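K.L.:
The following comprises the amino acid sequence and a computationally predicted model.
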Amino acid sequence: MKSTMKRLDDQVIYGIVASGASVLDLGCGSGDLLSLLVQGKQVKAQGVELNNDAIHACVEKGLSVFHSDIDSGLPYYPEQSFDYVILNQSLQEVKGVETVISEALRVGKKVIIGFPNFAHIESRILMFFGGRAPISSSLPYSWYSTPNLRFLSIKDFRDFCRIKHYKILEAHYLGLRGEIHILPNLFALNAIFVITK
Amino acid sequence: MTAKTLGKIETKYFTFAQPSHEFKLESGRTFGPITVAYESYGQLNADKSNTILVMHAFSGNAHVAGPVSEEQDPPWWDFMVGPGKALDTEKYFVLCANVIGGCKGTTGPSSMNPKTGKPYALDFPLITIGDMVRVQKTLIDHLGIKKLHGVIGGSMGGMLALQWVALYPDAVECVIPIAATLKHSPQQIAFNEVGRQAIMADPAWNYGNYYGGALPEKGLAVARMVGHITYMSNDSMEKKFSRRLKDDHSGFKFSADFEVEGYLQHRGMSFVKRFDANSYLYITKAMDYFDLSDAKWIPPQGLPNVRFLVIAFKSDWLYPSVQSQEMVRQLKMRQIDATYCEIDASYGHDSFLIESESEKQSHLIKHFLAKRK
């Protein structure tokens, strides 16, 4: 394998996706995850990305990528045309979250959503004792330079799925070095959910 | 070791559609003979699978790359074609043919009509983008090439690339339309019409019969001036000219006082020396009539063996990126493999021809072509 799996979230998502599946990665960045999936799991990959340099990196990796923001990149695709739609570390930057998730569920059979958990204990302590917006390993930005528009916790996301009647098929809670199994809303830095309609 | 460069490139000619084998045009009219002027770069491989057909823009020609010589126009895409370049002549057999209706060696309105011994002028039949492609296909067949690895072009060249896949979906693998569209908007048609009217308003045009006499230089120059404005962007014009005055400006005498005026006049007059007014009329009409927007260009079974790289430029207001996005939208709806990138270049529509803007374009094309299924 040419690429190595550096990120824990990439490892988890790699484990979720079935071999030979078709995958749409919304906010695919430089295409590291898609490239791994193509090489290791022979998926049919497609990316959506806004950053010009990232698109060039994707094309260099031989990936097909569509230059667009996530909010307006989805209506082009037919119903249920992908096995998986991935929204990893990009949901919190999206303007129309409800529309994007419902569109993702329209074009994809399953949607994999990964986001930083705002209720992690480190953030809570920074907020409670420091009295300032938290800056942590999963939320590394100052309030004035963060691309994040949304600050949600694992519980918030579960509530959202219940309200919208989305089924949670899998949930993975990530710490610094591995998966977290106890009190995830307190101890997980990131969460990865697999949902369906 | 000397740097690898292309040697001198000869223009070659291929003639077909002789009497009794005349070429049937989209209009239904038969026409012939047709001579095609073309150039090639690099070597055709043993299984003839490495051809990349480059298609020139409206006023271009077959001389894509190579050294500058006195008897040929300067190459128009030299930074793209050559050893180690995006269209790598050590890997690919790069081919470019002048379009039918043109004035750069392929049969057009300025060519001799063998039946009368005089130039065709307006007796030349109306041609379409489809006709241009079918003439190119005849050349490809003549060269024994069954499948093209790539069809690529900017502006009208991109429209030709789209027409190629529409007509011959099994004969192409990679399609790269740059700053192109599935159909001209009313704005694009309007600009072309201004150009045509300028030519036809010139008394020297004489209903197309000017060969051997005074040429409709004024009209053609004005047409080119209008066209040239649409190929630039407000930003690039600001950078290049701002409101600077010419050194020899006379002030308020309706002569060229501003640098931009002098530049446009110069571009207009140099165009007149290298382009035929009737070709301008025929080719712009072909572009205006081109329309693949009803999605019929994609066969019902899709295009499982074709890959697209669609490129637009942010500052291009003549062929705005929404036109490229519409192309990609149709491809996505049919689940066809497509990559789309809007390059942040500042030179307007002409960005694809500007070497200083070409790094990103070259990078995308090089890597896109290199990926084999």
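P.N.:
Yep, that arrived.
K.L.:
residue ranges for the helices of chain A, please.
P.N.:
A:8-16, A:32-41, A:52-60, A:97-107, A:121-128, A:154-164, A:184-187 (DSSP state H).
K.L.:
Of those, which is nearest chain B?
P.N.:
helix A:52-60 (4.8 Å; Cβ to the nearest Cβ). The way it works is simple: take the backbone N, C-alpha and C, and place the C-beta from them, glycine included.
K.L.:
And the contacts of that closest one?
P.N.:
A:28-31, A:34, A:47, A:49, A:65, A:67, B:309, B:339, B:341, B:343-344, B:360, B:363-364, B:367-368 (Cβ atoms under 8 Å, 6 or more residues apart in numbering or on different chains).
K.L.:
Just the buried residues of those.
P.N.:
Among these, the ones that count as buried by 16 or more other Cβ atoms under 10 Å in any protein chain shown are A:28-31, A:34, A:47, A:49, A:65, A:67, B:309, B:339, B:341, B:343, B:360, B:363-364, B:367-368.
K.L.:
so where is chain A shaky, pLDDT-wise?
P.N.:
Scanning chain A with the threshold set as pLDDT under 70 gives A:1-5.
K.L.:
do the same with chain B
P.N.:
B:1-3, B:372-373.
K.L.:
ok, which residues in it are in contact with chain A?
P.N.:
Proximity of chain B to chain A (Cβ under 8 Å from any Cβ of the partner chain) is limited to residues B:307, B:309, B:328-329, B:332-333, B:335, B:337-344, B:360, B:363-364, B:367-368, B:370-371.
K.L.:
Now intersect the residues you listed with the strands, please.
P.N.:
B:Arg307, B:Leu309, B:Ala338, B:Thr339, B:Tyr340, B:Cys341, B:Glu342, B:Ile343 (DSSP state E).
K.L.:
Which residues of chain A lie near chain B?
P.N.:
Proximity of chain A to chain B, by Cβ under 8 Å from any Cβ, involves residues A:52, A:55-56, A:58-60, A:62-68, A:76-78, A:81.
K.L.:
Narrow these to just the buried residues.
P.N.:
A:55-56, A:58-60, A:62-68, A:76-77, A:81.
K.L.:
The stretch 201-350 of chain B: helices as residue ranges?
P.N.:
Along the stretch 201-350 of chain B, the segments classed as helices by DSSP state H, counting those that start in this stretch run B:217-231, B:234-240, B:259-274, B:277-289, B:321-333.
K.L.:
and if you look at the stretch 51-200 of chain B?
P.N.:
B:129-142, B:156-167, B:186-201.
K.L.:
okay, those in TSV with mean neighbour count next?
P.N.:
Converted to TSV, the helices of the stretch 51-200 of chain B look like this (neighbours: other Cβ atoms under 10 Å in any protein chain shown):
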stretch	mean neighbour count
helix B:129-142	21
helix B:156-167	25
helix B:186-201	17
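K.L.:
Now render the ones you listed as TSV, adding distance to A:Gly20.
P.N.:
Formatted as TSV, these follow (distance: least, Cβ to Cβ, whole Å):
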stretch	distance to A:Gly20
helix B:129-142	36
helix B:156-167	27
helix B:186-201	44
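K.L.:
Any idea which of the helices of chain A gets closest to A:Leu24?
P.N.:
A:Leu24 lies closest to helix A:97-107 among the helices of chain A, at 6.7 Å (Cβ to Cβ).
K.L.:
Which other helices and strands does the closest one contact?
P.N.:
strand A:22-26, strand A:82-88, strand A:108-116, helix A:154-164, strand A:190-196 (3 or more Cβ pairs under 8 Å, 6 or more residues apart in numbering or on different chains; DSSP states H and E).
K.L.:
Show me what the first one is packed against.
P.N.:
Using 3+ Cβ pairs under 8 Å, 6+ apart as the contact definition, the elements that strand A:22-26 packs against are helix A:32-41, strand A:44-49, strand A:82-88, helix A:97-107.
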